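Q: what follows is a predicted structure for the sequence shown.
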Amino acid sequence: MTLSSASGGSPSAVETRIRSAKGTGAGALVGYLPIGYPDLRTSIEAAITLTQHGVDVLELGLPYSDPVMDGPTIQAATTQALENGFRLRHAFEAVREISAASDVPVLCMTYFNPVLAYGVERFASDLVAAGGAGLITPDLVPEEAGEWLAASDAEALDRVFLAAPTSSEARLRRSAEDSRGFTYVVSTMGITGARSDVDAAARTLVDRLRLVTDRPLAVGVGISTGTQVAEVLTYADGAIVGSRLVTALGSGLEALADAADELAAGTVRV
C-alpha cells in the first residue's frame with residue numbers, strides 16, 4: 001500500500017516543489033546551511049543566495065551542542081554559531097526573513113531536545129507563523145514522535161524522518177508513512193561530510209523504500225559535486241547537500257553561489 005501524502009491530505013509545498021523539479025528536470029536539490037554561521041545576518045543572506053542559485057528546498061540547521069550526526073565541517077560551523085550567541089528565537093527570525101524573500105520552502109533541521117525544551121506545540125505554531133514548512137529530525141524515530149506528529153498535523157507542517165541502510169522493513173515503512181514532504185534517505189552509515197563516492201547502499205535503500213511508498217525520497221550524506229547530484233537523481237527524487245555548501249560559505253557569498261550553481265547543474269535532465 002502506498003500513500004501520496006501523510007494523513008491523506010494534499011501534497012505539501014515541499015513535496016510539490018520536489019515533484020515539480022522531477023517533472024521538469026532530473027530532480028530537486030536540497031541545500032543545507034546552519035543558521036548563525038558565520039553570523040546571523042550572513043547566514044540569512046547565504047540562504048537567500050541559495051534560493052537564487054538553483055536550490056529547490058532549503059534545509060536550515062539549528063545549532064546544537066551535541067550534534068551526533070554532523071561531520072566536522074558542520075560541527076565547526078554550528079559551534080561558531082553557538083559561540084556567536086545563537087538562540088532559538090534567531091531560527092524563527094531567519095525563517096521569517098528568508099520566507100519573505102523567496103518562495104523556496106524552508107525546512108529546519110534540528111535535534112529534538114531543543115523542540116521539547118521550547119514546547120512542541122509552541123514550536124510548531126511559531127514555525128508556521130514565521131513561514132517555515134516543517135522539520136527534519138535526525139534523532140527522532142516515528143515510534144517516539146507522538147507529540148510531534150500531533151502538533152505537525154495540527155499546523156500542517158512537514159515532518160521528515162530518516163531511513164538508514166540498517167533500518168528494518170517495518171521501520172522503513174513507518175518512517176515513509178509518517179514522513180511528509182519527503183523521506184530522508186541516509187546514503188551511508190556514519191556522520192555527514194563530503195565523500196568522493198556516494199555509497200552504493202543508497203540506491204538499494206531507495207529501491208526498498210519504493211516498495212512501501214510513492215512519496216518523494218531524497219538522498220543525503222556525502223554528496224558534494226554536481227556529478228554526484230546527477231548520479232543520485234537517476235534513482236531518487238532529491239539530492240541533499242550540506243558540507244560542500246558550508247565549506248563554500250566560509251569563503252564568502254560569491255563562492256557559495258558558485259558552489260550552488262555547480263551542484264544545481266546536476267539537476268538538469270540530460
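A: Thanks, I have it.

Q: isn't there a strand covering V219?
A: Yes. Secondary structure of V219 (DSSP: H, G, I helix; E, B strand; the rest coil): part of a strand.

Q: what's opposite it in the beta bridge?
A: Going by DSSP bridges, V219 is paired in beta bridges with V185, A239.

Q: my guess is it meets A201, correct?
A: No. The criterion here is Cβ atoms under 8 Å, and V219 misses it with A201 at 10.3 Å. Bear in mind the C-beta positions are built from the backbone N, C-alpha and C, glycine included.

Q: give the residue spans of the stretch 51-200 of the chain that score low on pLDDT.
A: By pLDDT under 70, the weakly predicted segments of the stretch 51-200 of the chain are 67-70, 188-199.

Q: the helices in it, which residues?
A: 72-83, 88-101, 112-118, 120-130, 146-155, 169-178 (DSSP state H, counting those that start in this stretch).

Q: list the helices and strands the first one packs on?
A: Think helix 72-83. strand 28-34, helix 243-249 (3 or more Cβ pairs under 8 Å, 6 or more residues apart in numbering; DSSP states H and E).

Q: using JSON lines, lay out those together with mean neighbour count.
A: Shown next, in JSON lines, are the helices and strands packed on helix 72-83 (neighbours: other Cβ atoms under 10 Å):
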{"stretch": "strand 28-34", "mean neighbour count": "29"}
{"stretch": "helix 243-249", "mean neighbour count": "23"}
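
Q: output the ones you listed in a markdown table; the columns should cover distance to T42 and mean pLDDT.
A: Putting the helices and strands packed on helix 72-83 into a markdown table (distance: least, Cβ to Cβ, whole Å; pLDDT from 0 to 100) gives the following:
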| stretch | distance to T42 | mean pLDDT |
| --- | --- | --- |
| strand 28-34 | 10 | 98 |
| helix 243-249 | 8 | 97 |
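
Q: would you turn these into a markdown table with distance to A47?
A: Formatted as a markdown table, the helices and strands packed on helix 72-83 follow (distance: least, Cβ to Cβ, whole Å):
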| stretch | distance to A47 |
| --- | --- |
| strand 28-34 | 6 |
| helix 243-249 | 10 |
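
Q: tell me which of the ones you listed sits nearest to L60.
A: Set against L60 and scored by Cβ to Cβ, the helices and strands packed on helix 72-83 come closest in strand 28-34, at 6.4 Å.

Q: between V219 and A201, which one's more packed in?
A: Remark: of V219 and A201, V219 carries more neighbours, 33 against 16, as counted by other Cβ atoms under 10 Å.

Q: so how far is G250 from the more buried one?
A: 24 Å (Cβ to Cβ, to the nearest Å).

Q: please apply the same query to S167.
A: Distance from S167 to G250, by Cβ to Cβ: 33 Å.

Q: next one: A46
A: Applying Cβ to Cβ to A46 and G250 gives a distance of 11 Å.

Q: looking at these two, which one has more neighbours?
A: A46 (25 against 15).

Q: which residues does the helix or strand where the more buried one lies contact?
A: Using DSSP states H and E, A46 maps to helix 40-51. Contacts with helix 40-51, where a contact means Cβ atoms under 8 Å, 6 or more residues apart in numbering, come from 31, 33-37, 58, 60, 81, 84, 86, 90, 93-94, 97-98, 101-102, 104, 106, 245, 249, 253, 256-257, 260.

Q: apply 7 Å and report the result again.
A: The contact list for helix 40-51 (Cβ atoms under 7 Å, 6 or more residues apart in numbering) reads 31, 33-37, 58, 60, 90, 94, 97-98, 101-102, 104, 249, 253, 256-257, 260.

Q: report the buried residues of that helix.
A: By neighbour count on 16 or more other Cβ atoms under 10 Å, the buried set for helix 40-51 is 40, 42-51.

Q: quickly name whichever of these is closest to R19.
A: T51 (18.4 Å).
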